[in-house]
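Undergrad: next input, structure requested:
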Amino acid sequence: MDADLFVSEQAVERTVKLAGKSRTIWIREVSHADWFKYAAIARADSLETQSGAQAFIVSKSLCEPDGTLSLTLERAAMLKSHVLGALQTVILDYRKEQAATSGNEPTPGATTSGES
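TA: Numbers count the residues shown, from 1 in each chain. Here you go, the predicted model:
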């Protein structure tokens, strides 16, 4: 399969206002498996579990300019609440951009999930 069908580890630069200052950050694509885990964490019955959703997705996307992840889950969980929220927003916005520009559209008449 072609490389463009897979998650890239390439860093994408973004500017975000954190703690009153504009800062440059780098994020990268998040795998489907990690998006699925993020959603499951966010919908968990336990508030204690839910509280880790933002830190999880930030730890899976925030990276260095070379694409290597820059925060462990434990370190991301130590970010201030407003910082974590702002980073999550940037990551979710990037995901929306990717979806809007991916060109992934179902083919008319195509079947999914084993339908015929």
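
Undergrad: which strand residues bridge residue 62?
TA: The bridge-partner assignment for residue 62, based on DSSP bridges, gives residue 27.

Undergrad: per-residue pLDDT, it?
TA: With respect to pLDDT, residue 62 scores 98.

Undergrad: then residue 99?
TA: Per the predicted model, pLDDT is 84 at residue 99.

Undergrad: residue 35 versus that one, what's the distance?
TA: Separation of residue 99 from residue 35 (C-beta to C-beta, to the nearest Å): 11 Å. Every residue, glycine included, has its C-beta placed from N, CA and C.

Undergrad: likewise for residue 69?
TA: 15 Å.

Undergrad: neighbour count for residue 99 and residue 35, which is higher?
TA: Each of residue 99 and residue 35 has its neighbours counted (other C-beta atoms under 10 Å); residue 35 has more, 14 against 9.

Undergrad: who's in contact with that one?
TA: Taking C-beta atoms under 8 Å, 6 or more residues apart in numbering as the contact definition, residue 35 lies against 57, 95.

Undergrad: CA atoms only: put the strand or helix carrying it into PDB for me.
TA: Taking DSSP states H and E as the definition, one finds residue 35 inside helix 32-42. Taking Å, rounded to 0.1, in the frame of the first residue of the first chain, the C-alpha atoms of helix 32-42 are listed here in PDB:
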ATOM      1  CA  HIS A  32      -6.600   5.200  14.600                       C
ATOM      2  CA  ALA A  33      -5.900   2.900  17.600                       C
ATOM      3  CA  ASP A  34      -4.900   5.900  19.700                       C
ATOM      4  CA  TRP A  35      -7.900   7.900  18.700                       C
ATOM      5  CA  PHE A  36     -10.100   4.900  19.600                       C
ATOM      6  CA  LYS A  37      -8.300   4.700  23.000                       C
ATOM      7  CA  TYR A  38      -8.800   8.400  23.600                       C
ATOM      8  CA  ALA A  39     -12.500   8.200  22.800                       C
ATOM      9  CA  ALA A  40     -12.900   5.200  25.200                       C
ATOM     10  CA  ILE A  41     -11.000   7.000  28.000                       C
ATOM     11  CA  ALA A  42     -13.100  10.100  27.500                       C
END
